[in-house]
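> predicted model and sequence below, questions to follow.
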Amino acid sequence: MKVYLDNAATTPLSDEVLQVMIPFMKENFGNPSAIHSFGRTTRAAIETARKQVAKALNCSPAEIFFTSSGTEANNMAIKCSVRDLGIKHVITSPIEHHCVSHTTDYLEENHLATIHLLRVNEKGQMDLQHLEELLTQIKEPTLVSLMHANNEIGTMVDIEKLAEICSKHGALLHCDTVQTIGHYPFDLQKTKINFLSGSGHKFHGPKGAGFIYINAETKIKSFIHGGAQERNMRAGTENMYGIIGLGKAIEDAYAHFDEHKNHILSLKKYMIQRLQDTFEDIKFNGDISDNSLYTVLSVSFPPSDKNETLLFNLDINGIAASGGSACSSGADTGSHVLNAIKADPARKGIRFSFSRYTTKEEIDFVIEKLKSIVASKETVAS
């Protein structure tokens, strides 16, 4: 058996999504900017996808712009806020995805904005009282850029409360929602957010297709210059079959939201129980309550001379998991997230992440393989 438990890195493309993409890979290949019938066909399909995203988020289609990825969307929100909206301060956290933290590092290194890091506790929860204090002290235009759910440990911020605080202090809010789009309900008519990002491959859509939501009251200019695509906001010929696949994927995700959530959450709880029953001194990184992201479980294994080869041995046994963020694969520096929450460096952190295709039998298989790699309660007792 081969088991894929790295869905926070990327999810498998669903058959339903593939089927809607194929005609636009073969027959319907016209450039969406062309005025002839070939172009009009693909333009109409892209606009349908835009409406599918907008419906899922309860916003206007005019507020959705397609990008190549969540990374591009996050870069666009942060850099364009500084360039076009006079932002002088950015409040973020030490546990953001690198596409946010490296962007804010760039701004600070080039003296374009002052960066403030929010305090986080040992579970990775944001100190929103600290946010209030910072926003009270700062007297210049400010952007708050915080992720909705951490990609490594699954801890979530209360996005409604976050939006309320930012609105109260007149700060702009950018939320990296790459891990929660398709896994969490959004209502952008009720929750005031200026920028929000998503990426299709995190919810069974294709890679290379993402989007940014820009609130209609927030006026920025194009991030990539060239043609007039995306209503002059993102130059470059559209990845039309990727966008069409993303639209179908987000529509499917919310059409079956409760069913998928209940299935995945039950598997996460089952794996937590099996790990606790099977291994001595097993711990978990981040928040594992019902308020956390149900697709992610970060497991902290006790110190052992086998820890360095744990991921390798899982792979040898046909199990795909992660030591942290997928974008840091192969790095020796360790997880900046686990470092920020002061996790014990002697313990090995493994991220298991689930999808609607994950099964209980696969969880049992992983536990059995772990028993042959890590000392279990049975082996300790014997």
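Thanks, I have the structure now.
> got the domain ranges for the chain?
In terms of domains, the chain is parsed into 3-11+257-381, 15-255 (source: automatic domain parsing).
> distance from the longest one to the middle of the chain?
By that I understand domain 15-255. 10 Å (CA atoms, centre = their mean, to the nearest Å).
> repeat for the shortest one
The chain centroid and the centroid of domain 3-11+257-381 are separated by 18 Å under CA atoms, centre = their mean.
> still on that earlier bit, adding mean pLDDT, write the domains of the chain out as a markdown table.
Output for the domains of the chain, formatted as a markdown table (pLDDT from 0 to 100):
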| stretch | mean pLDDT |
| --- | --- |
| domain 3-11+257-381 | 90 |
| domain 15-255 | 97 |
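> adding mean neighbour count, write these out as TSV.
Where C-beta positions appear, they are placed from N, C-alpha and C, glycine not excepted. Shown next, in TSV, are the domains of the chain (neighbours: other CB atoms under 10 Å):
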stretch	mean neighbour count
domain 3-11+257-381	17
domain 15-255	19
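> surely M126 is in contact with S93?
Yes: shown here, M126 and S93 form a contact pair, counting by CB atoms under 8 Å, at 6.1 Å.
> intersection of neighbour lists for those two?
Common contact partners of M126 and S93 (CB atoms under 8 Å, 6 or more residues apart in numbering): 118, 120, 146.
> next, K168: secondary structure please.
Secondary structure for K168, judged by DSSP: H, G, I helix; E, B strand; the rest coil, is helix.
> same question but for I272, I mixed them up
Assignment for I272 (three-state DSSP): helix.
> so which residues of the stretch 151-300 of the chain form strands?
Per DSSP state E, counting those that start in this stretch, the stretch 151-300 of the chain carries strands over the ranges 172-176, 195-199, 210-214, 283-285, 296-301.
> only alpha carbons, please: show stretch 50-62 as CSV.
Provided in CSV are the C-alpha atoms of stretch 50-62 (Å, rounded to 0.1, in the frame of the first residue of the first chain):
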residue,chain,number,x,y,z
ARG,A,50,-14.6,33.8,-11.6
LYS,A,51,-18.3,33.6,-10.7
GLN,A,52,-17.7,30.2,-9.1
VAL,A,53,-15.0,31.6,-6.8
ALA,A,54,-17.0,34.7,-6.0
LYS,A,55,-20.1,32.6,-5.1
ALA,A,56,-18.0,30.4,-2.8
LEU,A,57,-16.7,33.5,-0.9
ASN,A,58,-19.9,35.6,-1.2
CYS,A,59,-18.3,38.5,-2.9
SER,A,60,-18.5,40.2,-6.3
PRO,A,61,-16.8,38.5,-9.3
ALA,A,62,-15.3,41.9,-10.0
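> quick one on the thing from earlier: wait, which of the shared contacts of M126 and S93 is closest to G334?
V120 (16.7 Å; CB to CB).
> skipping adjacent residues, who's closest to L310 in space?
K348 (5.3 Å; CB to CB, 6 or more residues apart in numbering).
> cool, and Y184?
Distances taken as CB to CB, 6+ apart place H148 nearest to Y184, at 7.2 Å, with adjacent residues excluded.
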